[in-house]
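Trainee: Have a look at this prediction, sequence included:
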Amino acid sequence: MVNNQNIHSTSDKEVKTDAPHSDEPVSMFSSKEEDLGFKELYEQSLNQIQYGDVTHGTVVQITSDIVMVDVGWKTEGFIPIKELKDAEGNVTVSVGDNIEVFVDKRDHEGNLVLSHDKAAKLKVWDEIKNAYENKILMKGRVVEKVKGGLSVDIGIVAFLPGSQIDTRPIKDLDQFVGQSLEFEVLKYDRKRNNVVLSRRSIVSASRESEKKETLDKIAEGNIVEGIIKNITDYGIFIDLGGIDGLLHVTDISWGRIAKPSDAFHRGEKIKVKVISFDREKERVSLGLKQLHENPWDNISEKYPVGALIEGRVVNLTDYGVFIELEPGVEGLVHISEMYWTREIKHPSKVLNVADTVHVVVLEVNSEAKRVSLSLKQTTPNPWEKLKEKYPVGTVVKGHVRNITNFGVFIGVEEGIDGLVHVSDISWKHRVTHPSEYFKKGQEVEAVVLNIDVDNEKFSLGIKQIEKNPWDELPNKYAPGSVVSGRITNFTDFGIFVEIEEGIEGLVHISEISSKRVKTSGELYNVGDTVSAMVKSIDSKTKKIRLSIKDMEAPAPTSTTPSAANQYINNRENIGSNLAQALADVKIGGQPKE
């Protein structure tokens with residue numbers, strides 16, 4: 001017999017059904033039973049159930065499609081089997097189980113249709129109403145992320161707006177999917193099947209309680225544990241429990257930290273030390289490196305200058321390589337200290353991050369937290385061997401590797417080039433650009449002029465293979481001797497005459513003729529051969545002074561040296577001081593600056 005207390009009227013629940021007449025009673029009597037007396041019929045009529053009622057029934061049969069349920073007085077209805085299966089497809093009831101059902105309708109064959117889901121939903125709506133009116137929390141499971149918030153299963157699908165998830169904005173909503181949490185019913189509309197939930201007040205109350213407890217235990221010097229909440233370029237924010245602390249990037253490690261996000265992740269637990277705490281402003285400064293001793297305190301003893309040590313490559317830059325010697329201690333191998341002879345455009349061409357290398361300590365500065373290292377000094381210096389192998393004056397052979405406007409680079413050893421400066425190419429010729437005389441790959445001979453080991457410079461000379469012709473000129477052309485040569489150039493102040501290949505002398509305009517001459521090209525042309533008398537030769541400055549007009553004066557009859565010298569001296573005094581000053585010009589026919 002079905003008790004009245006198990007039959008719930010749902011006239012106020014506004015539940016939609018497919019029954020044509022929702023108030024039609026469901027007959028529970030056979031034709032024989034209709035012959036009972038009036039008293040029995042009246043009592044049984046009290047037990048009639050209406051469409052839309054929620055009652056209890058007993059499972060009497062389970063098939064592949066339906067579950068038959070006896071709702072009392074031999075009245076049976078069926079529930080579609082899918083309503084009583086779990087997510088894995090297993091049937092959740094057995095024969096004899098007492099379950100709550102909703103009296104839905106009769107199908108086209110007259111069979112009574114029941115619903116377990118609708119009964120559950122009606123019960124949920126009662127719980128929602130009670131939770132809303134009495135400020136009772138409801139449990140639910142976050143199903144998925146939807147537009148504007150989260151979808152939550154509380155028996156029916158409810159909506160949790162993003163603004164109601166936490167007291168602070170939450171960017172990553174996916175972290176809540178699958179979690180079972182408690183919620184406050186913010187509002188509901190049964191007609192529209194709409195429920196809005198909130199967690200703000202729950203989180204706020206929890207944090208206030210947690211915050212009070214955290215503030216009581218925070219003190220400078222304490223070691224605390226927290227959860228990484230946010231990571232920026234300047235530091236990490238850590239949730240200590242209702243209050244956030246800042247771990248500045250300079251307090252993460254004794255060494256260099258490029259980006260905190262490379263080494264830490266949100267949600268990660270971390271132990272830190274409280275460096276400072278302002279209770280009024282609730283500001284907490286934290287430190288991670290302070291949990292360990294400062295490795296720079298005794299750095300000089302650990303890594304003395306000249307020591308050969310091992311390290312790991314942690315960073316590559318345009319100017320060098322950073323080597324980690326131990327956690328918190330890094331040294332720099334400048335690009336100039338990578339190889340003795342090999343030219344490196346970028347360290348990444350020869351080394352990779354995480355490579356293990358041996359280096360030599362060059363300098364240690366504990367105050368500046370700087371260690372200078374060298375990779376090349378782990379091998380012998382080839383420049384010292386070069387100096388021993390090629391003393392100054394040695395003639396070497398090599399190929400032209402590069403030509404610049406200031407000289408020619410000659411490859412002598414593997415990775416070592418010697419420079420022939422433009423001034424050391426020729427004794428006689430004025431070289432405008434070395435490319436006029438050399439080509440890449442050309443084999444040449446040169447003399448070693450200097451090897452500077454410290455500055456890694458190798459100086460060569462080509463002209464030094466031959467003797468300096470200027471050293472012999474004073475003996476070859478004594479003052480007063482006559483020379484012949486070809487005019488190579490005219491200037492405002494005189495004529496340049498080539499007396500030997502590459503060697504020119506100047507005939508000043510005042511020395512061209514005893515007659516008055518307005519311009520140097522008035523009497524001669526370029527290419528003309530003239531005879532002139534040598535007035536002076538300065539081998540150091542490479543200057544030769546010549547005179548054509550002295551050839552016009554009659555020579556002294558006396559052949560004694562004293563008479564000839566007297567004649568020359570007299571002619572020397574004829575020119576003006578200005579003419580003599582203008583005659584001081586550089587070799588190659590260029591005026592003195």
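Mentor: On my side now, so go ahead.
Trainee: which helices and strands sit right next to the host helix or strand of residue 534?
Mentor: Taking DSSP states H and E as the criterion, residue 534 maps to strand 529-538. Judged by 3 or more Cβ pairs under 8 Å, 6 or more residues apart in numbering; DSSP states H and E, strand 529-538 is in contact with strand 482-491, strand 494-500, strand 503-508, strand 543-547. For the C-beta atoms, the positions are set from N, CA and C on the backbone; glycine is no exception.
Trainee: Tell me the confidence at residue 253?
Mentor: Listed pLDDT for residue 253 reads 86.
Trainee: just to revisit the earlier point, just send the helices and strands packed on strand 529-538 back as a markdown table, with mean pLDDT too.
Mentor: Shown next, in a markdown table, are the helices and strands packed on strand 529-538 (pLDDT from 0 to 100):
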| stretch | mean pLDDT |
| --- | --- |
| strand 482-491 | 90 |
| strand 494-500 | 89 |
| strand 503-508 | 89 |
| strand 543-547 | 90 |
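Trainee: could the ones you listed go into CSV alongside mean neighbour count and distance to residue 457?
Mentor: What follows is the helices and strands packed on strand 529-538, written out as CSV (neighbours: other Cβ atoms under 10 Å; distance: least, Cβ to Cβ, whole Å):
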stretch, mean neighbour count, distance to residue 457
strand 482-491, 16, 36
strand 494-500, 22, 34
strand 503-508, 26, 31
strand 543-547, 25, 31
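Trainee: Can you convert those into JSON lines and add a column each for distance to residue 525?
Mentor: JSON lines is the format used below for the helices and strands packed on strand 529-538 (distance: least, Cβ to Cβ, whole Å):
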{"stretch": "strand 482-491", "distance to residue 525": "7"}
{"stretch": "strand 494-500", "distance to residue 525": "10"}
{"stretch": "strand 503-508", "distance to residue 525": "14"}
{"stretch": "strand 543-547", "distance to residue 525": "17"}
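Trainee: can you tell me which residues contact residue 111?
Mentor: For residue 111, the contact set (Cβ atoms under 8 Å, 6 or more residues apart in numbering) comprises 77, 78.
Trainee: can you tell me how far it sits from residue 58?
Mentor: Between residue 111 and residue 58 the computed distance is 17 Å (Cβ to Cβ, to the nearest Å).
Trainee: Kindly report the same for residue 72.
Mentor: On the measure of Cβ to Cβ, residue 72 and residue 58 end up 9 Å apart.
Trainee: out of these two, which sits in the busier spot?
Mentor: residue 72 (18 against 15; other Cβ atoms under 10 Å).
Trainee: quick one: the helices in the protein?
Mentor: Assignment of helices within the chain using DSSP state H yields the ranges 38-45, 116-134, 200-217, 299-302, 382-389, 469-476, 561-572, 577-583.
Trainee: what's in contact with the fourth one?
Mentor: Around helix 299-302, the neighbours that count as contacts under Cβ under 8 Å, 6+ apart are 295, 329, 364, 366, 371.
Trainee: The same query, at a cut-off of 10 Å, please.
Mentor: Helix 299-302 is touched from outside by 295-296, 309, 325-326, 329, 331, 361, 364-366, 369-371, with contacts defined as Cβ atoms under 10 Å, 6 or more residues apart in numbering.
Trainee: could I have it exported to CSV, CA atoms only?
Mentor: Extracted in CSV, the C-alpha atoms of helix 299-302 (Å, rounded to 0.1, in the frame of the first residue of the first chain):
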residue,chain,number,x,y,z
ILE,A,299,85.0,33.2,-4.4
SER,A,300,88.7,34.1,-4.6
GLU,A,301,89.7,31.1,-2.5
LYS,A,302,87.5,28.7,-4.6
